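Engineer: Predicted model follows, preceded by the sequence.
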Amino acid sequence: MKSADPATLTVAYDTATGGRAELGVPVGPAVQRTYWQSVGRRVRRDSYTVICAAVLLLITAAAVFAPWLGLDDPTFSNVAKRLLPVGSPDHVLGTDELGRDMLSRLIYGGRLSLMMGVLPVAAALLIGGALGLIAGFAGGRTNMAIMRVTDVFYAFPSILLAVAIAGSLGAGLTNALLAITIVFIPPITRVTESVTTQVRTMDFVEAARASGASTYAIIRVHILGNVLGPILVYATVLVSVSILIAAGLSFIGLGASPPAAEWGLMLNTLRESIFLAPLNSVLPGFMIFVTSMCFNLISDGLRSAMDVRF
Amino acid sequence: MLKYILRRVLYTIPIAIGVSLVVFTLVHLAPGDPLSAVMGEVDQKMLVEMRKSFGYDKPLPIQYVVWLGNTLTGDMGYSLRSGAPVFPMLMSAAKNTMAIGVAAALLGFVFGIAAGMIAGYNHGTWLDKAVSSTAIAGVSMPHYWLAIILVIVFSVQLGWLPSVGAGSADSFWSWEAWRHMLLPALALAAIPGAVVARTARAAVMEILSMEFVEALRARGLSERRILLHVARNALPTVLAVMGLQFAHLLAGSILVETVFTWPGTGYLLNLAIFDRDMPVLQATLMLLALFFVFTNLVVDILQAWADPRINRA
């Protein structure tokens, strides 16, 4: 994305040349930073964002490297050691209703839960982004066709649509992933389309076209360069929503299936244990909560660093 | 204004038809025959017979038209599982969901607006920080987890409130009914409350920075009167968010209703999915989705009423 580094903050400047000085905007005497460099600086100075990024990194790294951390087998059950309390000598976070080590299951659970949070958003970003670009850039009937279908899917509350799709296709991880992806395509299409339509009519796009830029170059440099910021902010919010919905689907039995370790599923199976081991039974929910909140706070940080509004 | 309303209503019709098509297609997407899934091992001849009587032997487009026509006239068919008519079943569930939904909305909106306005007015103070962090926690909270925590604290540990069902009271206006509604309503109120607080805070902050507020101050208005002006200007934005949050709340109650075994639409949906009870599934999805479409319509019209500038666009 080198060529799409605009040295500016708003859509109104030409992102292709990045020439703030050419536009007569005063630039500091010593350094001239590109747009993404200055966003990076601002993000690094925001302590909430940095802490959240560190927490997420920790959870992700632990989940990825779980097999090498010397944890108990997350699916090994030992009925004799059911529901040991938090702080037991061999099981720091206790055991679950089948005597499986909670710490291990919470760390391993991050694998499925994080994947179910990130993968649908990534897929929806590709599909919805492409649809939005096409709709915004083509305009006319193509726009009408794409946006009206989008409107229909957008007319469903997200949880309801996810439950409806996952419930119709049948319980299971793949169907849940598919369902959440479909839920996120319409909002991403909408954001991309609206930014694309806005940018398309800007003078600098007209100028680029007049100076012989190909459609591909215009899309790559001007449109993508301007869409990327808002979409990135939006995508981080969606990941936090996705984690909540994914865990929710597993919670009602439409996502991951036992004996897999997944936070939503664990929360569900531990529900019978709230009388005997209340602390154990709320731990998976705490993981969902922390992960989702970190993505939310990072999104807030990015939003103010990029000065994005939508 | 009238023209705007008319245009907005006309625009809703194709959306509503689209929504009904999506619901129908989704439900029929399910692998396998709806009847054989419910009946299990039965005589093939009987299955054919039954398929005919339910109309499942006809091509899908015709089934869709028949279903739509029937649904619009209030005939939603019979549950494949229990044989009971779907319509009364759905209405009683909708009544229960509406009860906790309205209670949750009242709780969430009143506290959310108050907290958000106070935070926005005292921007940057510890009060603002407290409200903002509580709000972001509320937005990120899995409300089904909050529901479990509430059960643990108020039902298991303290023993004050029941954790299951809607109780046996005949009317909603009784302590017995309220006792059962309190925890589900609290769990449902968290997200809309937090979202509304965030919206109100942002709106108040933005309006306070406008020039007309400065002018009002210059004219010597008391801070209380100024706050009234600010509230009036924040109304359209907050109203829109409230409407959408209310509809989201009703749809999202499936998770909370599962925790409390609350006999509402979410619980009905849950049962219908796992029972593969197609008529019930179809009708419940349709009702919730159309309610969302309808809320969107009302919100848009209310917003145009509260903010005359929208009319001209």
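Structural biologist: On my side now, so go ahead. Residues are numbered from 1 along each chain as shown, chains lettered A, B, ... in the order given.
Engineer: Pick out the residue in the stretch 201-310 of chain A sitting closest to chain B.
Structural biologist: Nearest residue of the stretch 201-310 of chain A to chain B: residue A:285, at 3.1 Å (C-beta to the nearest C-beta). All C-beta spots, glycine's among them, are computed from the backbone N, C-alpha and C.
Engineer: tell me what the helix or strand where that residue lies is packed against?
Structural biologist: Assigned by DSSP states H and E, residue A:285 falls within helix A:278-306. The helices and strands touching helix A:278-306, judged by 3 or more C-beta pairs under 8 Å, 6 or more residues apart in numbering or on different chains; DSSP states H and E, are helix A:35-45, helix A:47-64, helix A:102-138, helix A:224-251, helix A:263-269, helix B:126-140, helix B:143-150.
Engineer: residue contacts, the spatially most central residue of chain A?
Structural biologist: Residue closest to the mean C-alpha point of chain A, counted by C-alpha atoms, centre = their mean, is residue A:239 at 2.4 Å. For residue A:239, the contact set (C-beta atoms under 8 Å, 6 or more residues apart in numbering or on different chains) comprises A:117, A:118, A:121, A:295.
Engineer: Likewise for residue B:292?
Structural biologist: Contacts of residue B:292 were listed using C-beta under 8 Å, 6+ apart, and they are A:155, A:156, A:157, A:160, B:247, B:248, B:250, B:251.
Engineer: For the residue of the stretch 51-200 of chain B found nearest chain A, which non-adjacent residue is closest in space?
Structural biologist: Proximity of the stretch 51-200 of chain B to chain A (C-beta to the nearest C-beta) peaks at residue B:145, 3.1 Å away. Distances taken as C-beta to C-beta, 6 or more residues apart in numbering or on different chains place residue A:285 nearest to residue B:145, at 3.1 Å, with adjacent residues excluded.
Engineer: picking up where we left off before, among the contacts of residue B:292, who's most crowded?
Structural biologist: Counting neighbours by other C-beta atoms under 10 Å in any protein chain shown, residue B:250 comes out on top of the contacts of residue B:292 with 28 neighbours.
Engineer: my read: that residue touches residue B:99, true?
Structural biologist: No - the criterion here is C-beta atoms under 8 Å, and residue B:250 misses it with residue B:99 at 11.0 Å.
Engineer: Look up the closest residue to the most centrally placed residue in chain B, ignoring the ones flanking it.
Structural biologist: For chain B, the residue nearest the mean C-alpha position is residue B:250 (2.3 Å; C-alpha atoms, centre = their mean). Beyond its immediate neighbours in the sequence, the residue positioned closest to residue B:250 (C-beta to C-beta, 6+ apart) is residue B:101, lying 4.8 Å away.
Engineer: what about that neighbour, how many neighbours?
Structural biologist: Residue B:101 is flanked by 25 other residues according to other C-beta under 10 Å.
Engineer: And residue B:85, by the same measure?
Structural biologist: Residue B:85 has 14 nearby residues by other C-beta under 10 Å.
Engineer: residues in contact with the residue lying closest to it once chain neighbours are set aside?
Structural biologist: Leaving aside its sequence neighbours, residue B:85 sits nearest to residue B:78 (C-beta to C-beta, 6+ apart; 5.6 Å). By C-beta under 8 Å, 6+ apart, the contact set of residue B:78 is B:84, B:85, B:86, B:279.
Engineer: Looking at those residues, which are in strands?
Structural biologist: Among the contacts of residue B:78, DSSP state E puts none in strands.
Engineer: Check the gap between residue B:286 and residue A:180 for me.
Structural biologist: As judged by C-beta to C-beta, to the nearest Å, residue B:286 and residue A:180 stand 22 Å apart.
Engineer: Among the two, which residue is more densely surrounded?
Structural biologist: Between residue B:286 and residue A:180, counted using other C-beta under 10 Å, the more crowded position is residue A:180 (30 against 22).
Engineer: what sits against that one?
Structural biologist: Counting by C-beta under 8 Å, 6+ apart, residue A:180 has contacts A:116, A:120, A:162, A:242, A:245, A:246, A:249.
Engineer: can you rerun that using 6 Å?
Structural biologist: Counting by C-beta atoms under 6 Å, 6 or more residues apart in numbering or on different chains, residue A:180 makes contact with A:120, A:162, A:242, A:245, A:246.
Engineer: Output the set of residues of chain B in proximity to chain A.
Structural biologist: Within chain B, the positions lying close to chain A (C-beta under 6 Å from any C-beta of the partner chain) are B:15, B:18-19, B:26-27, B:29-30, B:136, B:140-142, B:144-145, B:149, B:152, B:156, B:248, B:251-252, B:255, B:258, B:270, B:273, B:285, B:288-289, B:292-293.
Engineer: Any of the residues you listed buried? List them.
Structural biologist: B:15, B:18-19, B:26-27, B:30, B:136, B:140-142, B:144-145, B:149, B:152, B:248, B:251-252, B:255, B:258, B:270, B:273, B:285, B:288-289, B:292-293 (16 or more other C-beta atoms under 10 Å in any protein chain shown).
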